[in-house]
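1. My questions are about this predicted structure, shown below with the sequence.
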Amino acid sequence: MRRLSKAIIAAALLAGTPAAAQTQHPTFLSPLAYQQYTSLSTATSLSAVPARAATALICVETAAVRWRDDGTAPTASVGMPLSAGQCMQYFGMLSAIQFIAQSGSPVLDVSFYK
């Protein structure tokens with residue numbers, strides 16, 4: 001009898017979960033904006049970050065870049081490397097991250113999410 005009542009309570013709790021509560025799960029991100037950066041010969045910050053942005057998906061095309069988010073600008077040889085064809089999801093302070101080309105003419109594709 002005790003097992004049956006626990007099963008009934010669990011089923012009732014699961015059935016009563018509103019759909020709105022399920023969409024608030026942190027894995028459901030809402031897109032806000034897209035930007036592309038084509039000039040990375042000097043350290044470049046993300047410009048016009050949407051006010052409600054919490055994260056960004058950043059993809060590199062054509063050539064490798066380096067990035068830093070600690071208040072110091074990256075250089076072509078110092079910073080966290082990100083190769084052409086790679087993407088990263090960034091959850092830090094979007095206004096603090098900076099990118100620079102390691103060589104060549106990389107392109108950054110950035111999608112912002114809330």
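-> Arrived safely, thanks for sending.
2. tell me the helices in this protein, going along the chain?
-> Along the chain, the stretches classed as helices by DSSP state H are 2-15, 19-23.
3. Give me the below-cutoff pLDDT ranges for this protein.
-> Where the chain drops to pLDDT under 70, the residues are 1-27.
4. The residue nearest to the spatial centre of the chain bridge partners, please.
-> Centroid check for the chain by C-alpha atoms, centre = their mean gives residue 56 as the closest residue, at 2.8 Å. Under DSSP bridges, the beta-bridge partners of residue 56 are residue 90, residue 112.
5. quick one: it and residue 40, what's the gap?
-> To residue 40, residue 56 is 16 Å away according to C-beta to C-beta, to the nearest Å. Quick note: C-beta positions are derived from backbone N, CA and C, even for glycine.
6. Any figure for the gap between the residue nearest to residue 35 when sequence neighbours are not counted and residue 77?
-> Among residues not flanking residue 35 along the chain, residue 110 sits closest, at 4.9 Å (C-beta to C-beta, 6 or more residues apart in numbering). Between residue 110 and residue 77 the computed distance is 23 Å (C-beta to C-beta).
7. what's the answer for residue 48, then?
-> 29 Å.
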